[in-house]
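Novice: give me a 3D structure for the following:
(one chain, ligands or ions: 1)
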Amino acid sequence: MRLDRYISKTRIIDVVSRDFEGALKELLEVCKIDAGLDRKKLLADLISREKTMTTYLGSGIALPHIRLPMKRNYIFAIGRCPDGMEFEGHEEYRDLRLIFLLLASEGENSYLNVLASLARTFQEPTTVEMLTDSPDIDTLRKSVSVAFGKGPDKKRTKDNKFNRLILREAQKVASGAKCSSVLIFGDTFAGGVDVADQFDNFKTILVTQSGSEASLDKKSFNAVIPVRSFSSNRLSQLRSAMLIGLTRGILKHNERICCVGGIPQTNQFDTLVVVDVEREFQSVFTRQADMLPATVKPEVLERVLAIATELSVEGREGRPVGCLFVLGDVAQVKPHIKQLVLNPFYGYDEEERNILNPFMDETVKEYSSLDGAFTIKGDGALESAGSLIHAPNYPSQLPSGLGSRHAAGAAISIAADCIAIVVSESTGQVTLFRRGQLLPLIERGVGREV
Ligand SMILES: Nc1ncnc2c1ncn2[C@@H]1O[C@H](COP(=O)(O)OP(=O)(O)OP(=O)(O)O)[C@@H](O)[C@H]1O
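Specialist: Sure thing, here's the model as predicted:
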């Protein structure tokens, strides 16, 4: 989603105050707010929300945000604060370098997508560094423009002889194998070759972690599949990417795909794989319509997959963690669960506890250490954590090493219209269950950092 149209240079400022409340006040002053809205109350609301739930995203960036009854869809104000901030003695605010204030209209329904898009951009280390290290306000304005879409392409590398060779061969393989689509793992590659141009007669799909709209080559592809947290293995997220492609309607059940990838960030394509979608997923989906439970939005499945992948690869505070997500018709799931602890999501607004809200990432990861499962509605609202699944039809036979957490995932996926996603604490494997069938998404130990 292009955000640059909402960002104006005049609202990118050096904040003078060293205090977070003072900084928000300065940022509100540069925003044109509809007559009738009370700035003081707005500031008080922002501060009171900050006290309940921090908007500090880490890496020096905070994203305070609020909805208002205003005419414009969005207003951004960005404050540079190279010396950090003070906020009620919280240490982390001292590392703040940038405050992105987002005001959104109450009626705007792309709000969570905008927050998610911002959060993705702020996950790219090079973009974050470029923004937070800006030595003066002019450089910051240019950096914002590069990060959010108006800037020049990132540097291209020269030595692409080998990449060209692989792409030429991929073109021959894709033709010979009668593939309909070519899937490129873009984060392998730093640029310098017009990748999509090599595949005129195919649908071209870019798989990328990059949230920045300014990312190289995106425009020349027919579609983009976003993924998060690549492990260091070649094509390790191929199944997850295909699943996202299927649920978004980018890929079809009966397609054959040629995939080109390599190790992320090496600028070296080295792997060619031809995959029949149907064969890859036949154990789980018998028909295209079967893929998602009726109530589940594709972007919610994507978000759960992303968090599960990150937990599998990175663990939590240096330790491996396991968890179980049950996503779908919670009314059908409810009779089969029992709380092991008080439900931490009880009493919060659905929008605040929605998994599409990027601030929920940390919360979900924190609660992943609780025994039991997360249950999530199809629109993304987190219903419970710490829930013991007690469904009938526990499978008696699962592949060796898969114990009661996996059995619970399999059983609930039969008892209710839902998808269960399990991260194994012991192996790091990520497994999806649908109607009792198992689909490994990330294989054992692949790319594990913990
Ligand atoms: N029925 C259940 N509902 C929810 N969570 C469960 C259930 N059974 C087990 N768990 C969770 O799974 C954890 C690990 O259990 P177990 O080792 O038997 O499962 P596993 O499938 O081998 O998982 P892992 O690969 O992560 O070890 C338990 O500590 C508990 O938190």
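Novice: ok, the residue of the stretch 251-400 of the chain found nearest the ligand - how many residues close by?
Specialist: Scanning the stretch 251-400 of the chain for proximity to the ligand using CB to the nearest ligand atom identifies Gly322 as nearest, at 3.1 Å. All C-beta spots, glycine's among them, are computed from the backbone N, C-alpha and C. Counted with other CB atoms under 10 Å, residues neighbouring Gly322 total 20.
Novice: not counting sequence-adjacent ones, nearest residue to it?
Specialist: Sequence neighbours aside, Glu425 is the residue nearest to Gly322 in space, at 2.9 Å (criterion: CB to CB, 6 or more residues apart in numbering).
Novice: what is the burial count for the residue of the chain found nearest the ligand?
Specialist: Closest to the ligand within the chain is Gly403: 2.6 Å, counting by CB to the nearest ligand atom. Neighbourhood size, Gly403 [other CB under 10 Å]: 13.
Novice: can you offset everything so residue one is 316?
Specialist: Yep, numbering from 316; the last one is Gly718 now.
Novice: which residues does it contact?
Specialist: Counting by CB atoms under 8 Å, 6 or more residues apart in numbering, Gly718 touches no other residue.
Novice: how about 10 Å then?
Specialist: Gly718 sits next to 637, 739-741 when contact means CB atoms under 10 Å, 6 or more residues apart in numbering.
Novice: now swap in Phe660 and tell me
Specialist: Going by CB under 10 Å, 6+ apart, Phe660 touches 667-668, 675, 678-679, 682, 689-691, 696-701.
Novice: which ones among those residues lie within strands?
Specialist: 689-691, 697-701 (DSSP state E).
Novice: so, low pLDDT: which residues of the protein?
Specialist: 316-317, 464-474, 503-508, 525-534, 543-551, 580, 598-604, 759-765 (pLDDT under 70).
Novice: could you redo the last one with a cut-off of 50?
Specialist: For the chain, the stretches with pLDDT under 50 are 465-473, 527-531.
Novice: and it, which of its residues are near the ligand?
Specialist: 637, 639, 686-688, 703-704, 717-721, 723, 739-742 (CB under 6 Å from any ligand atom).
Novice: make a ChimeraX selection of the buried ones in those residues.
Specialist: Per 16 or more other CB atoms under 10 Å, the buried members of the residues of the chain next to the ligand correspond to this ChimeraX selection:
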select :637,639,687,688,704,717,720,721,723,739,740,742
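Novice: inside helices: which ones of the residues of the chain next to the ligand?
Specialist: 719-721, 723 (DSSP state H).
Novice: where along the stretch 466-615 of the chain do the helices fall?
Specialist: 476-491, 553-562, 592-596, 613-629 (DSSP state H, counting those that start in this stretch).
Novice: now render those as a markdown table, adding distance to Gly373 and mean neighbour count.
Specialist: Output for those, formatted as a markdown table (distance: least, CB to CB, whole Å; neighbours: other CB atoms under 10 Å):
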| stretch | distance to Gly373 | mean neighbour count |
| --- | --- | --- |
| helix 476-491 | 33 | 16 |
| helix 553-562 | 24 | 23 |
| helix 592-596 | 35 | 17 |
| helix 613-629 | 13 | 23 |
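Novice: any idea whether the closest residue to Arg326 other than its chain neighbours is helix, strand or coil?
Specialist: Spatial nearest neighbour of Arg326, excluding adjacent residues (CB to CB, 6+ apart): Ala392 at 4.3 Å. Put simply, Ala392 is strand when judged by DSSP: H, G, I helix; E, B strand; the rest coil.
Novice: distance check, Ala392 against Asp451.
Specialist: Distance of Ala392 to Asp451, computed by CB to CB, to the nearest Å: 18 Å.
Novice: can you get me a residue count around Leu587?
Specialist: If you count neighbours by other CB under 10 Å, Leu587 ends up with 17.
Novice: ugh, typo on my part, it should be Asp410
Specialist: Counted with other CB under 10 Å, residues neighbouring Asp410 total 15.
Novice: how about the one 4 residues further on?
Specialist: Using other CB under 10 Å, Ile414 is surrounded by 26 other residues.
Novice: quick revisit: so the residue of the stretch 566-715 of the chain closest to the ligand sits against Val737, correct?
Specialist: Yes - between Gly637 and Val737 there is a contact under CB atoms under 10 Å: 7.4 Å.
Novice: overlap in contacts, the two.
Specialist: Common neighbours of Gly637 and Val737 (CB under 10 Å, 6+ apart) are 627, 720-721, 744.
Novice: ok so, going back, just checking, the residue nearest to Arg326 touches Leu417?
Specialist: Yes - here Ala392 reaches Leu417: they are 8.5 Å apart, a contact under CB under 10 Å.
Novice: so what sits against both of the two?
Specialist: Between them, Ala392 and Leu417 share the contacting residues Pro379, judged by CB under 10 Å, 6+ apart.
Novice: neighbour count winner among these two?
Specialist: Taking other CB under 10 Å, Ala392 and Leu417 do not tie; Ala392 has more neighbours (24 against 21).
Novice: partner residues bridging Val737?
Specialist: Beta bridges link Val737 to Leu639, Thr746, judged by DSSP bridges.
Novice: burial of it, as a residue count?
Specialist: Val737 has 27 nearby residues by other CB under 10 Å.
Novice: surely it and Phe689 touch.
Specialist: No - using CB under 10 Å, Val737 is not in contact with Phe689; the gap is 11.1 Å.
Novice: identify the contacts common to those two.
Specialist: Joint contacts of Val737 and Phe689 (CB under 10 Å, 6+ apart) are 638-641.
Novice: just the buried ones from the residues you listed?
Specialist: Buried members of these, counted by 16+ other CB under 10 Å: 638-641.
Novice: turn those into a markdown table, including distance to Ile559.
Specialist: A markdown table is the format used below for these (distance: CB to CB, whole Å):
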| residue | distance to Ile559 |
| --- | --- |
| Cys638 | 20 |
| Leu639 | 20 |
| Phe640 | 16 |
| Val641 | 19 |
